[in-house]
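Trainee: Provide a 3D model corresponding to the input given below.
(one chain, ligands or ions: 1)
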Amino acid sequence: MEPVAPVAPPAASGSAARPASVEELEVGGEPTVGRAAMPVPLIGLLGALVYWGSMYIVEYGGEADARVHYPYTSFKEIQDLQPKGEEEIIKLKGMLVYGKICAACHQADGNGSASQNAPPLAGSEWVLAKDPSRIARIVLHGLSGPIAVKGKEWGAGQMLAWKDVLTDEDIASALSYVRNSWGNKAPIVPADLVKKVREETKDWSGYMSAEELMKVTLKE
Ligand code: HEC
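Mentor: Next up is the predicted model:
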């Protein structure tokens, strides 16, 4: 019987990884609690993220964007341009009436037209009278005959009556616009005043004349 060579016990696999001692097991192998320095690239990454985030808010956060709102840079600026009150809205309505009707003769700049015999409204003492009772009569019934405006005599033309075309509100807003444009400054004309004048002059037929208008006493 051949002597059997003693068989070496199989080499333990991974013996190198096996802790050499209990100490090594405790120190190196177990999860430990402690602080570690934050890696520099991560700080950079967070910085980039914050920057991108702020730019995103600037771009999409709802502030006025130059590509949309040019030349305005903020909503406050745009807000400031909106009509601010009833007076502003009346003047805007008046601008429409003026543009559609009155500008044909008195021109967009309110300076009138010599070739159409239409006197200026800009700086006109008729327009600027504090009490608009006379100019309300002019627009309701039209005007004919000699009239002095800003030291110049007019009278070769006629202005048609608008009482059957325009409402009290239309006339009031047109006059309010005329009284507050091109450097003119006078109180807004209430629609009620035009209504009152329409009522007072309902039996009047034909054009108004400067002479007739001078009979209307103005309230100071
Ligand atoms: C068809 C042309 C014409 C149109 C449209 C017209 N006007 Fe006139 N307007 C005249 C003429 C012409 C006179 C001067 C009449 C005269 O010589 O007696 C006049 C005179 C006036 C006057 C008095 C004089 C002055 O210059 O202050 C006022 C105010 C006036 N118009 C306002 C208006 C308003 C407001 C409108 C629009 C609702 C209007 N007019 C539309 C031709 C026009």
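Trainee: Just after the longest helix along the chain, pick out the following helix or strand.
Mentor: Taking DSSP state H as the assignment, the helix of the chain that covers the most residues is helix 40-60. Using DSSP states H and E, the helix or strand that follows helix 40-60 towards the C-terminus is helix 66-69.
Trainee: what does that next one contact?
Mentor: 73, 78 (C-beta atoms under 8 Å, 6 or more residues apart in numbering). Yep, even glycine has a C-beta here, placed from its N, CA and C like the rest.
Trainee: So which residues on the protein come close to the ligand?
Mentor: Contact residues, the chain versus the ligand (C-beta under 6 Å from any ligand atom): 101-102, 104-106, 117-121, 124, 126-127, 135, 138-139, 143-145, 147, 149, 154-155, 157-160, 162, 174-175, 178.
Trainee: counting contacts, what elements does the helix or strand encompassing Ile89 pack onto?
Mentor: Assessed by DSSP H and E, Ile89 sits inside helix 86-97. In terms of contacts (3 or more C-beta pairs under 8 Å, 6 or more residues apart in numbering; DSSP states H and E), helix 86-97 is packed against helix 168-178.
Trainee: Please spell out which residues along whichever helix or strand comes after the helix it packs on are buried.
Mentor: The helix or strand immediately downstream of helix 168-178 is helix 191-200, counting by DSSP H and E. The neighbour-count check on helix 191-200 (16 or more other C-beta atoms under 10 Å) flags 191, 193-195, 197-198 as buried.
Trainee: so for stretch 86-102, what's the average pLDDT?
Mentor: For stretch 86-102, mean pLDDT is 94.
Trainee: got the contact list for that stretch?
Mentor: 83, 108, 121, 162, 165-166, 169-178, 180-181, 188.
Trainee: domain ranges for the protein?
Mentor: 44-80, 86-214 (automatic domain parsing).
Trainee: Quickly compare the ones you listed and say which is most buried.
Mentor: domain 86-214 (a mean of 17; mean count of other C-beta atoms under 10 Å).
Trainee: how far does that one stretch from start to finish?
Mentor: Start and end residues of domain 86-214 are separated by 31 Å (C-alpha to C-alpha, to the nearest Å).
Trainee: chain center to that domain, what's the gap?
Mentor: Distance, stretch centre to chain centre, for domain 86-214: 29 Å (C-alpha atoms, centre = their mean, to the nearest Å).
Trainee: Over to stretch 206-219?
Mentor: Taking mean C-alpha positions (C-alpha atoms, centre = their mean), stretch 206-219 and its chain are 40 Å apart.
Trainee: What's the mean pLDDT across that stretch?
Mentor: 95.
Trainee: How about residues contacting that stretch?
Mentor: 126, 129-131, 133-134, 137-138, 141-148, 158-159, 161.
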